[in-house]
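Participant: need a structure here:
(chains A, B, C and D)
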Number of protein chains: 4
Amino acid sequence: MKTVNVGIINVTGYIGIDLARLLCQHPGVKLVSVTGRSTAGQKLGEVFPHMAGIDLTIESELGEVDLAFSALPHGDSAEAVVQALERDIRVIDMSADFRLKDAEEYQRWYKVAHHAPELLGEAVYGLPELHRAEISGARLIANPGCYPTSAILALAPALREGLIEPDIIIDSKSGLSGAGRTLALHVHFAEANENVSAYGLDGHRHLPEIVQELRIQAGNNPISVTFVPHLIPLTRGMLSSCYARFHKETGVDEIRELYRDFYGDEQFVRVVDKPPQTKQTLGSNFCLIHPTVDSAMGRLIVISCIDNLVKGGAGQAIQNMNLILGYPEGMGLGAVAIYP
Amino acid sequence: MKTVNVGIINVTGYIGIDLARLLCQHPGVKLVSVTGRSTAGQKLGEVFPHMAGIDLTIESELGEVDLAFSALPHGDSAEAVVQALERDIRVIDMSADFRLKDAEEYQRWYKVAHHAPELLGEAVYGLPELHRAEISGARLIANPGCYPTSAILALAPALREGLIEPDIIIDSKSGLSGAGRTLALHVHFAEANENVSAYGLDGHRHLPEIVQELRIQAGNNPISVTFVPHLIPLTRGMLSSCYARFHKETGVDEIRELYRDFYGDEQFVRVVDKPPQTKQTLGSNFCLIHPTVDSAMGRLIVISCIDNLVKGGAGQAIQNMNLILGYPEGMGLGAVAIYP
Amino acid sequence: MKTVNVGIINVTGYIGIDLARLLCQHPGVKLVSVTGRSTAGQKLGEVFPHMAGIDLTIESELGEVDLAFSALPHGDSAEAVVQALERDIRVIDMSADFRLKDAEEYQRWYKVAHHAPELLGEAVYGLPELHRAEISGARLIANPGCYPTSAILALAPALREGLIEPDIIIDSKSGLSGAGRTLALHVHFAEANENVSAYGLDGHRHLPEIVQELRIQAGNNPISVTFVPHLIPLTRGMLSSCYARFHKETGVDEIRELYRDFYGDEQFVRVVDKPPQTKQTLGSNFCLIHPTVDSAMGRLIVISCIDNLVKGGAGQAIQNMNLILGYPEGMGLGAVAIYP
Amino acid sequence: MKTVNVGIINVTGYIGIDLARLLCQHPGVKLVSVTGRSTAGQKLGEVFPHMAGIDLTIESELGEVDLAFSALPHGDSAEAVVQALERDIRVIDMSADFRLKDAEEYQRWYKVAHHAPELLGEAVYGLPELHRAEISGARLIANPGCYPTSAILALAPALREGLIEPDIIIDSKSGLSGAGRTLALHVHFAEANENVSAYGLDGHRHLPEIVQELRIQAGNNPISVTFVPHLIPLTRGMLSSCYARFHKETGVDEIRELYRDFYGDEQFVRVVDKPPQTKQTLGSNFCLIHPTVDSAMGRLIVISCIDNLVKGGAGQAIQNMNLILGYPEGMGLGAVAIYP
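Facilitator: Model prediction:
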């Protein structure tokens, strides 16, 4: 097997460096180039001591690679993606730049004109469980956000089967690594520790992505979603609690069986009978899903858990890479969650 | 002013000991008797070193007091309450035993027959903001649970004004002190830290209490509530996110003004314009409430925060005590939240 | 009693705002002026929502006050102190600017020339348990750092009595609020949580202050100290573990009795028989001290605990203020630790 | 390569289940039998949901295996070890039962007579960096405790070279998983969170093991050690700060070079130039060691970090297993630390 050379554009955020961690342990690719802005010229292991065993220097420009991950912020990422594609490098974009199909919707939420709207049609939304076929042949993958991953996987089966009313509440809880490595008061330990808060109540940027994808599952019928993210004092982990009314009375056994059928062959989705805990996913690429029923209310409740940086980021990107490269989908992603 | 002697039955749980902390700093009462079961005979300060400055010995039986707090578990508490009332001691019961008006409902949720159903009519649900008048003259107060306090205060104004459909979702997040001081695997630090989980999905015991009280606010009309509690890795703090559809389009300013009017004179409820954080209530008796609108969905969202052991427990009990004793309602409850 | 008006210069750090919290609950003074730099013009309660009940606007200049606390960083603080003294305002300086008696020592550790070396002789090191008499009449108090407070109180009795060799190791553990409110990567929640690290191994700025004060206790004999601070994932709390060899065999009972005698009348120092926990001091002005003996090694071990922002900062400053104003030393400092 | 079948006696503690996690991902062995006491008969994935992908049922007796890990508590473990050896099963004992060479010393610290003193001579102390040769051919390995691993590796080079006085202070900080999975008040989240405490001040059971091994490094000369462990609010991670006087002046460069030479070829020890952080080892088998010098005091300070359950437990055990089986020492232990 010819080794595939891969690179990471902007390795210095939490998603970027977690990609590096997973890629340097992946048996089918070789991480040969990582870029950074303020840290260019430094050894990767100096900036990130846990990677001291990896001999890579952070560069200012992406080297020769077959496939690249862009972990730049939105806006900047689209530019880098275009440049990479022009060099015939396939790209998995970790930013939001190619997730929305509609450039105007993008501009409404991200407050900038899209840099490359002509690519929006080609980009594939990289949620393998729902878009596996398109991913395999893609040149450009828009890797989903962490909130959308947890929410879409939690709700797709019920919507696909037409079981619930299209009026959904998603109450999500995220660890602080989801807020990124950039400094800000709300991520200061003394502010975030022993604290819980809701945010994004006037509209979080992950909402349109959730709506777009859930609408597809709902057969392109209109769907309305209230999405409220919360910051929770843990480093890694995301739990989404999803609520929707059933069209008609549905039992717990029925809904569990339906979810199990839907995700039957998926190696990274586990439909569980007990409420899952984020700790059960720490460091792994699993999404745990617990659909249940508030029978007095005729309501579906789905609890889903992921590691926001793995299945909600770097792990999912590698799952996409494996599909693109024709590798077994789980290659390099076999880590069991670290407990406790 | 004649000093009022008070006592705590079962001081050794988190609610009991937080009552002791607040009562020993209260200028209008004297804490003269605390009881415990396995710790009887020990000095309070030996069992709880932070109370070393207080010279009290844990007793097996309640001494001579004018008013007692029972912090026993449900079931046991009702028995102790009856005994205290027979001794002409007014009682504030921290357990669930006298919160529900309907003995059958109690039995359905708590799996035991009620010990003193004849007292259910007399007991007053001790949420001062909604039942102040009855509390003042009461002999027996049922102090609300922490989840109900945060949820009822969050939703009462909207229901009283008939603004929302009676189909409500309450997604609550609680720190671990809410789970009590009893040992269990799920409260082990290594299990609860870096972890988030939902629980009580088949019905949490605080639900009927929430429904009972919200129904009163809704003019005794039927109301349906889905309530999902979550365990969050913090010691103290509770945040409830509440969701309901408006009957008709309602603006943010309108709803904020309505909430401000509703709670205008309340010294322990603060209607806030920015999403509140549990840390802003740590150690204080405040409930912070942030009503807002998901206008695209026509939905009310209310975020409320409390310290689960103060406004959600011991502080509220002292607020009730002050009302009973004719003291200023905030006496001994002036502590500003500890930040950070 | 004429009310004393007090002010805080630079209220916006963790020490400054904790001073505000305590002062606004103090019965003997009125907090009338608080200053800030980037936040001048905003209401205190907007910047710090837990203080929403306090009607103060952050100013750019200190108003008319009888006594001021300067919570500016070192360097800047000395300038503000001089200005205040010129206005006949007594000052309690929270910075390091007036803690060291030797201007050259100051320059060596803080890398700037001292702004007002002529005041170093007058300034009193504000550790009331050791300098009470001088504090009472002082115009300028240098409030001790948090590490020095925990270490000096832990070791003073043994040094004063000449029990130990003057070769001391102090291994201190601090919560993240001690690192200040300024943004930096090492205080990012995702970096600090689930993490422990030593720092300042090439010399922490609190060392000379510790040495200066311990030397006084040791009868001005030379003393050598190795001091290693550690960052621990908690918000508030500091624990120092101190090690030194006994000159001659000393028993546990003997050393405990000696410490109890030494601190006999102190209301904020508690010599305890069981190893103390930082949680037992949270929000209180107590220093808990546990001297014990490694008899096989002939070594004294002293464990001391404080809340780094209270006894290690704002609380101690108010203790100093009370002494200056002739108030009972514990006025406004009666809060029992918040547990759990 | 013939597959080696391995088993875990008492899989249900934190060390046992972390062994299971690592073994089921190890390419050279097959985990075929796990035992438990109260959980016998249940699927491993029911008791530990993060292991749901592993099809094993917890048994009451160990099945047919070539090599077993005993993760029983001390006392019980010795019995199980004897039984396994009688069945010609090689054993790696995670308990303290075979760590001390002297049965009387064992009895003094563990308060029970040793069950199989005749095996103490044969058992090899399983710290590969110091006892690699004996481990390779061993039938019985006594896997070191977590505190000893961090302390011995930190001090061995300095002692072997005779650089320091044999009077050592070890101040260790441990996460709560080190306290085990057994329920106790001090591991309750609400007690351990936002808290730091010292314990074992009258002698921790890991001390004799530290002394025994450091004495070997010191050429069997007498050595005295003060060891104070602390509980820190993190789940995984251990940091030891070690202090000792140099015999003669020694520079930082000199000591770093000496440590680098000592550990030159070791794949799991990294001598680092900046103070290490426990987070840099999370989930990995690394020990990070930072020797430095307090030159004013003529003192060596060594900071060492491990994941207490990996290099301080399960990972080290697998390192030992690899040596016994003639596998590459790092097989199955390549995981890079999870950051952040």
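Participant: what about A:Arg87, how many neighbours?
Facilitator: The number of residues packed around A:Arg87, counting by other C-beta atoms under 10 Å in any protein chain shown, is 11. Where C-beta positions appear, they are placed from N, C-alpha and C, glycine not excepted.
Participant: okay, the residue in the stretch 51-200 of chain A that chain D sits nearest to: pLDDT?
Facilitator: Residue nearest to chain D within the stretch 51-200 of chain A: A:Ser177 (5.4 Å; C-beta to the nearest C-beta). According to the prediction, A:Ser177 has pLDDT 98.
Participant: I'd guessed it sits against D:Pro340; true?
Facilitator: Yes - here A:Ser177 lies in contact with D:Pro340, judged by C-beta atoms under 8 Å, at a distance of 5.4 Å.
Participant: the more surrounded of these two?
Facilitator: The neighbour comparison of A:Ser177 against D:Pro340 (other C-beta under 10 Å) goes to A:Ser177, with 30 against 24.
Participant: residues touching that one, list them.
Facilitator: Taking C-beta atoms under 8 Å, 6 or more residues apart in numbering or on different chains as the contact definition, A:Ser177 lies against A:Tyr14, A:Thr235, A:Arg236, A:Asn308, A:Leu309, C:Ala190, D:Pro340.
Participant: what sits against the last one?
Facilitator: Pointing back at D:Pro340 there. Taking C-beta under 8 Å, 6+ apart as the test, what D:Pro340 contacts is A:Tyr14, A:Ser177, A:Arg181, A:Thr235, A:Arg236, C:His188, C:Ala190, C:Glu191, D:Lys279.
Participant: can you pull the contacts of the first one?
Facilitator: If I follow you right, that is A:Tyr14. By C-beta under 8 Å, 6+ apart, the contact list for A:Tyr14 reads A:Ser177, A:Gly180, A:Arg181, A:Leu309, A:Gly313, C:Ala190, D:Pro340.
Participant: Same question for A:Arg139.
Facilitator: When contacts are taken as C-beta under 8 Å, 6+ apart, A:Arg139 is in contact with A:Leu85, A:Arg90, A:Val91, A:Glu122.
Participant: Filter those residues down to just the ones in strands.
Facilitator: With strands identified by DSSP state E, the entries of the contacts of A:Arg139 that belong to them are A:Arg90, A:Val91.
Participant: In PyMOL, select just the buried ones from the contacts of A:Arg139.
Facilitator: To isolate the buried subset of the contacts of A:Arg139 in PyMOL, counting by 16 or more other C-beta atoms under 10 Å in any protein chain shown, use the following:
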select buried, chain A and resi 85+90+91
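Participant: Can you add pLDDT and give the contacts of A:Arg139 back as a markdown table?
Facilitator: A markdown table is the format used below for the contacts of A:Arg139 (pLDDT from 0 to 100):
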| residue | pLDDT |
| --- | --- |
| A:Leu85 | 98 |
| A:Arg90 | 98 |
| A:Val91 | 98 |
| A:Glu122 | 97 |
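Participant: Which of the contacts of A:Arg139 sits closest to B:Thr57?
Facilitator: Nearest to B:Thr57, judged by C-beta to C-beta, of these is A:Val91 at 71.7 Å.
Participant: my guess is the closest one meets A:Leu85, correct?
Facilitator: Yes - the criterion here is C-beta under 8 Å, and A:Val91 meets it with A:Leu85 at 6.1 Å.
Participant: Where does the prediction get shaky in the stretch 151-300 of chain A?
Facilitator: In the predicted model of the stretch 151-300 of chain A, no residue satisfies pLDDT under 70.
Participant: Tell me the residues of it that contact chain D?
Facilitator: Within the stretch 151-300 of chain A, the positions adjacent to chain D are A:177, A:181, A:193-194, A:235-236, A:270, A:272, A:274, A:276-277, A:279-284, A:288 by C-beta under 8 Å from any C-beta of the partner chain.
Participant: of the residues you listed, buried ones?
Facilitator: Among these, those classed as buried by neighbour count (16+ other C-beta under 10 Å) are A:177, A:181, A:193-194, A:235-236, A:270, A:272, A:276-277, A:279-284, A:288.
Participant: Which ones among the residues you listed lie within helices?
Facilitator: Where those are compared with helices, as defined by DSSP state H, there is no overlap at all.
Participant: Go ahead and confirm A:Arg132 touches A:Asn320.
Facilitator: No - look at A:Arg132 against A:Asn320 with C-beta under 8 Å: they stay out of range, at 9.6 Å.
Participant: which of the two has more neighbours?
Facilitator: Per other C-beta under 10 Å, whichever of A:Arg132 and A:Asn320 has more neighbours is A:Asn320, with 27 against 16.
Participant: Which helix or strand contains the more buried one?
Facilitator: Using DSSP states H and E, the secondary-structure element containing A:Asn320 is helix A:315-325.
Participant: cool, and A:Val112?
Facilitator: With DSSP H and E as the criterion, the answer for A:Val112 is that it lies in no helix or strand.
Participant: Near the closest residue to it other than its chain neighbours, how many residues? Count them for me, please.
Facilitator: Nearest residue to A:Val112 in three dimensions, chain neighbours excluded: A:Gly75, at 5.3 Å (C-beta to C-beta, 6 or more residues apart in numbering or on different chains). Other residues within reach of A:Gly75, judged by other C-beta under 10 Å, total 16.
Participant: Relative to B:Gln83, how far out is A:Gly75?
Facilitator: As judged by C-beta to C-beta, to the nearest Å, A:Gly75 and B:Gln83 stand 69 Å apart.
Participant: just A:Thr3 next, same as before
Facilitator: Distance from A:Thr3 to B:Gln83, counting by C-beta to C-beta: 79 Å.
Participant: more neighbours, the two?
Facilitator: For A:Thr3 versus B:Gln83, the count of surrounding residues by other C-beta under 10 Å is larger for B:Gln83: 16 against 11.
Participant: for chain A, what spans make up the strands?
Facilitator: In order along the chain, chain A carries the following strands (DSSP E): A:4-9, A:29-35, A:58-59, A:67-70, A:90-93, A:124-125, A:140-142, A:167-174, A:197-198, A:224-231, A:238-245, A:269-271, A:287-294, A:299-306.
Participant: Look up the pLDDT of whatever residue of the stretch 201-340 of chain A ends up closest to chain D for me, please.
Facilitator: When distances are taken as C-beta to the nearest C-beta, the stretch 201-340 of chain A reaches nearest to chain D at A:Ala337, 3.9 Å away. With respect to pLDDT, A:Ala337 has a value of 98.
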